[in-house]
Structure formats: structure tokens, C-alpha cells
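Q: Give me coordinates for this.
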Amino acid sequence: MKKILCRVKSFMTFDFPLQADFIKAEFATIQCKNLADLPEWSTTATRQKLISNYWFTYVVRHFTVIFGLSALTALLINGVGNQLNLYLLGLITSALISYPVLYLFHYRPYFNSLFLPRLEVFKEVYERKQVEHLEKCKQAQLSNLSLALIYYVFDKTSSINMLKCTDQDAGLLMKLYGVDKGSLKKNLELILGKKQKLQPRKYTEIQNRFNEAYTFFEELEFPKGIQLLKDLEAKFHSIAI
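A: As a prediction, the model looks like this:
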């Protein structure tokens with residue numbers, strides 16, 4: 001009962017759409033729902049939708065209930081009798097006067113000072129979390145050369161032996177790994193193409209990528225793959241300056 005009374009009070013005082021938890025939950029719900037329907041949906045679109053909800057749902061609903069209860073109370077106390085037209089005229093006049101007053105001294109100030117600033121904060125927090133999530137994914141993902149090395153090993157150990165330095169093969173790896181096709185093709189050329197002299201810095205970088213691939217196959221407990229990598233790495237070692 002107490003919870004119901006608190007909700008009624010929150011509604012009557014127009015407190016509920018201004019609460020930080022409510023705005024945060026609504027933002028997340030609208031963003032996730034619309035992303036599922038439209039992958040291109042943006043946080044700016046969610047912001048605009050929440051602003052529209054404020055004016056065309058929360059404000060309209062609040063004013064309708066408040067004014068409707070007032071009109072009903074007046075009707076029960078005074079009655080209408082034979083003055084229905086006069087009563088309706090008074091009702092319309094009261095509404096035309098009441099709404100601008102509530103707009104100027106209640107709805108608009110609360111929108112500018114509470115609702116909109118909190119909405120902007122949650123929008124920025126949501127965007128920052130998305131960026132942080134993508135950064136974590138990038139950090140967790142192996143480099144493009146390491147991915148190409150791993151695929152090279154699987155290609156050899158499975159006796160497929162179809163991997164080449166072509167756009168088609170790079171395209172297949174792009175579909176598999178979801179990374180840049182051009183970068184994958186360059187790495188395939190580095191692995192499968194004619195070996196050229198390597199500067200110490202470039203060789204060190206390649207060694208690091210081999211180490212990433214070694215770690216992958218060690219965790220996979222795949223010694224045959226590790227041996228293939230060692231054989232391939234030896235070719236790079238022989239041309240290092």
C-alpha cells in the first residue's frame with residue numbers, strides 16, 4: 001500500500017519522469033529495443049525519442065489526469081444542472097489558462113534543469129561504455145598478422161593447402177575474422193610471398209606476432225601447429241638484417 005501511495009505521489013508531483021534511475025532505464029530500454037530493429041539506430045535518436053516522450057506522453061498524461069480530477073471534483077461538488085454549455089466553456093477556458101501556467105512554471109523549468117541534463121549525462125555515459133567495450137574487444141583480439149598465421153597453420157595441418165595471396169582468400173579471412181581485407185592480404189603476402197630483407201624493428205614486430213600465435217596454440221595444446229610456426233619463423237629469421 002505504501003509503495004502504491006508513493007507512486008501516486010510521484011505521479012501527481014510530476015517527479016517520476018525526472019528521476020535519474022527512470023531516465024537511465026528508459027534510455028537503455030529504448031536504445032536496445034530500437035538497435036534490435038534497426039542496427040543503425042544512434043544514441044542521438046534515443047535522446048530525441050525520450051524528449052518526445054517527455055512532452056507528448058509524460059506531460060500530456062500528467063496534465064490530463066490533474067485537470068481531469070479537478071474538473072471531476074468541481075462537477076461533483078457544484079453539479080451542472082441546466083448549465084452544461086456554460087460548464088464546458090468554463091472547463092475549456094480553465095484548461096487554456098492552466099496549461100500555459102504549468103508549462104512556464106513547472107514542465108519547462110523541470111525539463112531544462114533536471115530532465116535534459118540528466119538525459120545528456122546518461123547519453124554520454126552510454127556512449128563511453130560502448131567505446132570502452134569496443135576497446136576491450138580490440139585489445140583482446142589478436143593482431144591481423146597473428147590471425148593470418150593461425151589460419152595458415154590450420155590450412156596446412158588440415159591438408160587443405162588452398163591458402164594464397166589473393167583477394168578471394170583475403171575476403172574469406174575477412175568474413176571469418178571481421179577485420180580489414182587489405183591488411184589481411186598484405187599479411188598473407190608476408191607469410192606466403194617471396195621473403196625480403198627485414199629491418200630489425202620490422203623483424204621484432206613479426207616476432208611479437210609469432211609469439212601471440214604460439215600462445216594461442218599452446219593454450220589449444222596443438223604441438224603440430226607450434227612446429228609449423230617455428231618452421232615458418234625460421235624463414236623470417238634467415239632474412240633478418
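Q: Break the chain down into its domains, please.
A: What automatic domain parsing lists as the domains of the chain is 2-140, 144-239.
Q: Quick one: mean pLDDT over the shortest one.
A: Pointing back at domain 144-239 there. Summarised as a single mean, pLDDT over domain 144-239 is 87.
Q: Span of that domain from start to end?
A: End-to-end distance for domain 144-239, by C-alpha to C-alpha, to the nearest Å: 22 Å.
Q: and what of stretch 9-28?
A: Using C-alpha to C-alpha, first and last residues of stretch 9-28 are 25 Å apart.
Q: Enumerate the helices of the chain by residue range, in sequence order.
A: Secondary structure of the chain (DSSP state H): helices at 2-12, 20-37, 43-53, 60-78, 84-102, 108-110, 116-140, 144-157, 167-177, 181-192, 200-220, 223-239.
Q: so what secondary structure elements neighbour the last one?
A: Of the remaining helices and strands, those touching helix 223-239 by 3 or more C-beta pairs under 8 Å, 6 or more residues apart in numbering; DSSP states H and E are helix 144-157, helix 200-220. All C-beta spots, glycine's among them, are computed from the backbone N, C-alpha and C.
Q: Columns mean neighbour count on top of the helices of the chain, output as a markdown table?
A: As requested, the helices of the chain are exported to a markdown table (neighbours: other C-beta atoms under 10 Å):
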| stretch | mean neighbour count |
| --- | --- |
| helix 2-12 | 11 |
| helix 20-37 | 14 |
| helix 43-53 | 16 |
| helix 60-78 | 13 |
| helix 84-102 | 12 |
| helix 108-110 | 14 |
| helix 116-140 | 12 |
| helix 144-157 | 20 |
| helix 167-177 | 15 |
| helix 181-192 | 18 |
| helix 200-220 | 15 |
| helix 223-239 | 14 |
